[in-house]
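>>> sharing a sequence plus its predicted fold:
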Amino acid sequence: MEKESKIYVAGHRGMVGSAIVRKLNENGFINIITRTSSELDLRNQQQVQSFFKEHQPEYVFLAAAKVGGINANNIYRAEFLYDNLMIEANVIDAAYRNNVKKLLFLGSSCIYPKLAPQPLKEDALLTGLLEYTNEPYAIAKIAGIKLCENYRLQYGCDFISAMPTNLYGPNDNYDLNNSHVLPALLRKIISAKKANASHIEIWGTGTPKREFLHVDDLAAACLHLMLHYNEPEFVNIGTGEDISILDLAKLIKQIVGFDGDIKTNPAMPDGTPRKLMDVSKINSFGWKATISLEEGIKKVYEEVKDKF
């Protein structure tokens, strides 16, 4: 990938896509193509094929997706399945038909079985039942992985896939109805501090453990993979460390300076008991996360503390 290469970042307004654009700019890539969803509906096959035919991108980062937390995944099940299937199928097929040199598809750690051995190794895919609450999203992402694998097998395309762990950072979604756990907790605790609330409530028991990766680390990993990884198998991207939801809430409470209590609500769902990525594969290809969870949350807090 040369500095002048024509690079299309699908989903450039989202947290992941915007981080990839920032990383490409930082590294001197000057020919980045982007389109908003109103300019190009990636669910529309004809629009996508026309776009690729006209602009002929050489490299594609496929970061566009319909995303959300447990609540959104469980309510909008058909949309999460349909929209994500259409987006990835249209972009991957258009990339093949227009001779894209390399494509990176971004999936999610929810592709793994609910009770897969921890930490999650890449070969655990399709070895058990998925977590029900986000099954439609997971199935769509698994389909994306298999599209990349099979376009490689049948047509020789250099299409690769990466599975990030839970992400946070600039341009995250803070809507309490459909955000992920870290931004939701951050907003709740900032708001509680400002209101001098006596406590905040978290969903579930607080015992599930999650791994969190700053999106700037993910962007660095994506660029590294685009430059150095050409294997047919997908690869995990994460830190290799996890934390319980209750301990995460305590860490955010400390960073924000909130004096109230944290109460759990066991009547609400916990989701998957644990999701920790085995990152030995990507580490062996020369990349490791560099932003600690505490450092990352402090950065995000400084960015959003006055918004709520």
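Everything's here; your move. Numbering: from 1, shown residues only.

>>> residues in contact with the closest residue to K23 other than its chain neighbours?
Spatial nearest neighbour of K23, excluding adjacent residues (Cβ to Cβ, 6 or more residues apart in numbering): A219 at 3.8 Å. Placement of C-beta: from N, CA and C, glycine included. Contacts for A219 were tallied using Cβ atoms under 8 Å, 6 or more residues apart in numbering; they are V16, A19, I20, R22, K23.

>>> neighbours of the fourth one, just the number please.
With neighbours defined by other Cβ atoms under 10 Å, the count for R22 comes to 16.

>>> what do you get for the last one?
K23: 21 surrounding residues under other Cβ under 10 Å.

>>> where does it sit: helix, strand or coil?
At K23, secondary structure determined by DSSP: H, G, I helix; E, B strand; the rest coil is helix.

>>> wait, what's in contact with it?
Under the criterion of Cβ under 8 Å, 6+ apart, the contact list for K23 reads D216, A219, A220, C222, L223.

>>> what distance separates whichever helix or strand the first one is part of from the centre of its chain?
D216 belongs to helix 215-228 when elements are defined using DSSP states H and E. Computed by Cα atoms, centre = their mean, to the nearest Å, the chain-centroid distance of helix 215-228 equals 13 Å.

>>> change the start of the numbering to 49 and stick with it
Shifting the count to begin at 49 puts that one at helix 263-276.

>>> would you mind measuring from the residue nearest to I81 when sequence neighbours are not counted to N75?
The shortest distance from I81 to any non-neighbouring residue, by Cβ to Cβ, 6+ apart, is to Y56 (4.5 Å). Per Cβ to Cβ, to the nearest Å, Y56 is found 16 Å from N75.

>>> likewise Y277?
16 Å.

>>> higher neighbour count, those two?
Neighbour count, other Cβ under 10 Å: between Y277 and N75, Y277 has more, with 21 against 12.

>>> I'd say that one and F333 touch.
Yes: at 5.7 Å, Y277 and F333 qualify as touching, with contact defined as Cβ atoms under 8 Å.

>>> now the common contact residues for the two.
Shared contacts of Y277 and F333, counting by Cβ under 8 Å, 6+ apart, come down to V283.

>>> all strands of this structure, in order?
Here the chain has its strands, by DSSP state E, at 55-58, 80-81, 107-110, 150-154, 207-212, 214-216, 247-251, 257-258, 260-262, 283-285, 291-292, 309-313, 322-323.

>>> between those, which one is closest to A120.
Nearest of those to A120, taken as Cβ to Cβ: strand 247-251 at 13.2 Å.

>>> same question for that closest one, mean pLDDT?
Strand 247-251 carries an average pLDDT of 92.

>>> now do it and strand 309-313, the angle between them.
Counting by axes from the mean of the first three to the mean of the last three Cα atoms, to 10 degrees, strand 247-251 lies at 30 degrees to strand 309-313.

>>> now do strand 247-251: which elements does it pack against?
When contacts are defined as 3 or more Cβ pairs under 8 Å, 6 or more residues apart in numbering; DSSP states H and E, strand 247-251 packs onto helix 229-242, helix 293-304, strand 309-313.

>>> mean neighbour count, these: which tops it?
helix 229-242 (a mean of 21; mean count of other Cβ atoms under 10 Å).

>>> same for that one, what does it pack against?
Using 3+ Cβ pairs under 8 Å, 6+ apart, helix 229-242 sits against strand 214-216, strand 247-251, helix 293-304, helix 341-352.

>>> make it 6 Å
Counting contacts by 3 or more Cβ pairs under 6 Å, 6 or more residues apart in numbering; DSSP states H and E, helix 229-242 packs against strand 247-251, helix 293-304.

>>> residues in contact with it?
216, 220, 222, 224, 248, 260, 297, 300-301, 304, 306, 308, 353, 356 (Cβ atoms under 6 Å, 6 or more residues apart in numbering).

>>> ranking those residues by neighbours, who comes first?
Within these, neighbour counts (other Cβ under 10 Å) peak at A297, which reaches 25 neighbours.

>>> appreciated, that's everything.
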